[in-house]
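A.B. asks: Here is my input, please return the structure:
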Amino acid sequence: MSKANNPGFVLSPYSQKKILKALGTHQQKTDSTAKRHGKPTRYNIATSDYDNLVSGEHGPLILKVRRGKIVTEKHYCAECHSYISPIRAYADSNYGKVHLCTPCHLAAFNRSFGHADAMPLKLDHAHAHKGKW
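C.D. replies: Sure, this is the predicted structure:
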């Protein structure tokens, strides 16, 4: 018998389905255990805590508060992931508490509120004349 005529070992269609199903089940189990649950974070040595990072899972970073605090400790920027100081801390966003460097802070403010400052120009102008009239 020549090799061209010998089909070799062939599994039945039923056996092939069972093997593919078992492989698919195993792949789902390994994918679910390898996936990190919760927010993406990076450990910060300076504060011995974790800083939130933007993963894109909840869309682009949207700030829910206008008031931020400038902190002097080094933190990871939530968007560009650079480790810098000073940095602004915001208590609430769609990713929770976040820290933003100056360029990312301006971009997040534009995206969230439509302007780059905490106080829009029309309010700022009105307050500039308070007490002078």
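A.B. asks: switch to C-alpha atoms for all contacts and neighbour counts from now on
C.D. replies: OK.
A.B. asks: I'd say residue 41 and residue 51 touch.
C.D. replies: Yes: assessed by C-alpha atoms under 8 Å, residue 41 is found in contact with residue 51 at 5.4 Å.
A.B. asks: which of those two has more neighbours?
C.D. replies: Under the criterion of other C-alpha atoms under 10 Å, the comparison of residue 41 against residue 51 puts residue 51 first, with 20 against 15.
A.B. asks: where in this protein is pLDDT low?
C.D. replies: For the chain, applying pLDDT under 70 flags the ranges 1-8, 29-40, 116-133.
A.B. asks: biggest helix in it, by residue count?
C.D. replies: Ranked by number of residues, the top helix in the chain under DSSP state H is helix 13-34.
A.B. asks: Walk me through which strands the helix or strand following that helix pairs with, and which way each runs.
C.D. replies: Per DSSP states H and E, the first helix or strand lying C-terminal to helix 13-34 is strand 41-44. In the sheet, strand 41-44 lines up against strand 49-52 (antiparallel) (DSSP bridges).
A.B. asks: Give me the next element, helix or strand, following the partner strand.
C.D. replies: Next helix or strand after strand 49-52 toward the C-terminus (DSSP H and E): strand 68-71.
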